[in-house]
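Undergrad: coordinates only, sequence not included:
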């Protein structure tokens, strides 16, 4: 084989699979690099809740809507369903540890050691002091579909910072090289 044939063989598409097991699907879905976010809200009892999410997307510019999804088995699902507002924090490239902390379901206080902005009002969602971008949203809808609930929010305030975002690809964190 020559060099051109080697490249062609290495980049040839693999066969389509009918294996729809969660493991197989996760491996293929992991081929799509995504940003990493932390979503926060305030539970009905005033307790702050937060978790790491990479299922975040812009939905509409007029009106300004975004969406994210949460597994129906999540212990925080009811808190997010009842919250009037939530915040989406797009993590910066240096915030891998923050992502891991909010992804750890065994931590009793995911906010321990995390710097927060002063609250905007008493029931406001906690706002991380450091993130690449932030979207403060009014909760609009929660739609169950499959084993997840889609949360839709209307953006009320936002900010963005300089630097690079944290990326997630094939089970690993990475960053954009500029």
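TA: Received the coordinates, thanks. What you see is a predicted model, and the numbers here were worked out from it, not measured in a lab.
Undergrad: what's the neighbour count on residue 156?
TA: For residue 156, the neighbour count with other CB atoms under 10 Å is 13. Placement of C-beta: from N, CA and C, glycine included.
Undergrad: cool, and residue 38?
TA: Residue 38 has 25 nearby residues by other CB under 10 Å.
Undergrad: Report the contact partners of the residue positioned nearest the centre of the chain.
TA: Among the residues of the chain, the one closest to the centroid is residue 53, at 2.5 Å (CA atoms, centre = their mean). Residues near residue 53 by CB atoms under 8 Å, 6 or more residues apart in numbering: 36, 37, 38, 39, 68, 69, 70, 88.
Undergrad: repeat that for 7 Å
TA: By CB atoms under 7 Å, 6 or more residues apart in numbering, the contact set of residue 53 is 37, 39, 68.
Undergrad: Residue 176 now?
TA: By CB under 7 Å, 6+ apart, the neighbours of residue 176 are 164, 165, 167.
Undergrad: Backbone torsions only: list them for the residue nearest to the centre of the chain.
TA: phi -140, psi 140 (degrees, to the nearest 10).
Undergrad: what's the pLDDT at it?
TA: pLDDT for residue 53: 96.
Undergrad: Pairing-wise in the sheet, spell out the partners of it.
TA: On the basis of DSSP bridges, residue 53 is bridged to residue 37.
Undergrad: in the protein, what spans have low per-residue confidence?
TA: Residues of the chain meeting the criterion pLDDT under 70: 1-12, 178.
Undergrad: what comes up buried for stretch 127-142?
TA: 127, 128, 130, 131, 132, 133, 134, 135, 136, 137, 139 (16 or more other CB atoms under 10 Å).
Undergrad: where's the closest residue to the fourth one other than its chain neighbours, which helix or strand?
TA: Read it as residue 131. Spatial nearest neighbour of residue 131, excluding adjacent residues (CB to CB, 6 or more residues apart in numbering): residue 89 at 3.9 Å. Taking DSSP states H and E as the criterion, residue 89 maps to strand 85-90.
Undergrad: Repeat that for residue 101.
TA: helix 96-103.
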